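Participant: model the following, please.
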Amino acid sequence: MPGTPHNSTAVAAADWTLDPADAGECERLARTLCADGHDQVDSPKWVARAREAWDELPLPLRRVVRRFRRDSGPHGTLVIGGLPIDRAALPPTPAVLGSVQRRAAVPAALLTMVACGLGEPLAYLAEKSGALVQDVVPVPGQETFHGNAGSVPLSFHTENGFHPHPPDYVVFLCLRADHDRTAGMRVAGLRQALPLLTEGSRQALFAPEFLTTPPPSFGPDAAGPADAEPRPVLSGAVEDPDIRMAQLVTTPLTPRATAALAEFGRACEATARTLRLAPGDLVVIDNRVTVHGRTAFRPRYDGADRWLQRTYVTADLRRSRDHRPEDGHVLAR
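Facilitator: Here you go, the predicted model:
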């Protein structure tokens with residue numbers, strides 16, 4: 001499980017920062033979503049209101065997100081700084097397994113509005129009980145857990161590549177940084193890593209010679225469609241493919257697949273960036289072309305630990321209709 005290697009570039013996070021006036025307008029809209037008794041984040045009515053509110057967000061913010069949606073660029077990552085998170089109203093950082101945000105608050109409203117600008121929010125019933133907005137926080141006793149509750153290094157992965165309908169985007173909002181400011185979100189774009197691969201490795205990664213299983217966050221008894229048959233790591237256009245892999249749970253099934261996956265891991269290390277997130281930074285990751293991970297950090301469990309909130313997004317909700325009861329936003333299988 002790699003940490004931050006010496007050749008990984010550490011950068012200040014924001015690619016673009018919201019100006020104070022527009023941040024104030026974002027906060028006003030978010031508070032409106034949290035008012036009038038409509039305060040259940042997972043309610044279809046609340047999501048519908050967030051979808052409408054997206055159109056009222058400041059034009060510069062909508063324009064940046066829209067451009068990224070069309071072309072996520074070489075890094076496949078967009079970081080927007082300066083979003084309001086209502087620091088004065090933040091409760092202590094949660095420190096329990098499975099922590100989610102069911103009740104509307106300014107950060108959850110912002111995440112959901114942006115999700116609606118990218119597509120539609122999505123969740124998986126087997127992960128975090130199907131909540132649309134999930135906490136990414138360190139949990140006592142889970143330090144070595146290879147997932148969102150841990151604080152050891154988290155290896156490169158795309159989200160839920162085992163599933164027939166993985167998210168197209170993953171959106172994180174930083175509510176609190178870690179005490180020592182050492183935690184980093186590591187990202188590596190396929191578009192930068194791909195040119196470093198040999199032709200043989202590229203061909204192997206396009207072959208159905210890999211098995212990807214559910215990640216630990218789905219629980220020890222999780223079963224997924226990927227248990228049945230091998231899949232390729234890369235798919236789609238040869239010059240600009242999509243990726244599905246997780247270093248922890250993707251198993252190569254042939255010698256050439258083993259060599260190719262190892263070479264791909266080295267290419268990711270060589271091109272990785274480490275993002276140091278500050279409160280109010282919102283990160284959009286194009287899950288189709290980018291892997292991400294985390295460096296190690298030391299939690300104190302004092303109510304002020306690192307706290308991110310996360311939402312998954314699909315660009316086409318209908319394609320997963322057979323997995324979503326009552327045409328909701330939660331994939332039940």
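
Participant: mind listing the helices in the stretch 151-300 of the chain by residue range?
Facilitator: 190-193, 199-205, 255-271 (DSSP state H, counting those that start in this stretch).

Participant: quick one: the first one to chain centroid distance?
Facilitator: With CA atoms, centre = their mean, to the nearest Å as the basis, the distance from the averaged C-alpha position of helix 190-193 to the chain average is 18 Å.

Participant: contacts for that helix?
Facilitator: Helix 190-193 is contacted from outside by 73-76, 234, 240-241, 243, 264, 267-268, 270-271, 289-291, using CB atoms under 8 Å, 6 or more residues apart in numbering. Using the backbone N, CA and C atoms, a C-beta is placed for each residue, glycine as well.

Participant: let's go with 10 Å and repeat that
Facilitator: 72-76, 156, 158, 197, 233-234, 239-243, 245, 263-273, 286, 288-291 (CB atoms under 10 Å, 6 or more residues apart in numbering).

Participant: mean confidence score for that helix?
Facilitator: Helix 190-193 comes out with an average pLDDT of 97.

Participant: what of stretch 254-272?
Facilitator: 97.

Participant: for it, list every residue counted as buried.
Facilitator: Residues of stretch 254-272 classed as buried: Arg256, Ala257, Ala260, Leu261, Glu263, Phe264, Gly265, Ala267, Cys268, Glu269, Thr271, Ala272 (neighbour count, 16 or more other CB atoms under 10 Å).

Participant: from those, pick the one nearest Arg306.
Facilitator: Nearest to Arg306 out of these is Ala272 (CB to CB; 19.6 Å).

Participant: help me confirm that that closest one comes into contact with Ala188.
Facilitator: Yes - using CB atoms under 10 Å, Ala272 is in contact with Ala188, at 4.4 Å.

Participant: and for the two, which residues touch both?
Facilitator: Common neighbours of Ala272 and Ala188, counting by CB under 10 Å, 6+ apart, are Ser8, Phe156, Val291, His292, Gly293.

Participant: mark which of the contacts of helix 190-193 are part of strands, please.
Facilitator: Counting by DSSP state E, the part of the contacts of helix 190-193 found in strands is Phe156, Leu234, Asp242, Ile243, Arg273, Asp286, Thr290, Val291.

Participant: how about the CA coordinates for stretch 173-183, as PDB?
Facilitator: Presented in PDB, the C-alpha positions along stretch 173-183 are these (Å, rounded to 0.1, in the frame of the first residue of the first chain):
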ATOM      1  CA  LEU A 173     -15.900  18.300  -0.100                       C
ATOM      2  CA  CYS A 174     -13.300  19.000   2.600                       C
ATOM      3  CA  LEU A 175     -14.900  20.200   5.900                       C
ATOM      4  CA  ARG A 176     -11.800  19.800   8.000                       C
ATOM      5  CA  ALA A 177      -8.100  19.100   7.300                       C
ATOM      6  CA  ASP A 178      -6.100  16.800   9.500                       C
ATOM      7  CA  HIS A 179      -4.300  18.400  12.500                       C
ATOM      8  CA  ASP A 180      -0.800  18.000  11.000                       C
ATOM      9  CA  ARG A 181      -1.800  19.000   7.500                       C
ATOM     10  CA  THR A 182       0.000  15.800   6.200                       C
ATOM     11  CA  ALA A 183      -3.000  13.900   4.700                       C
END
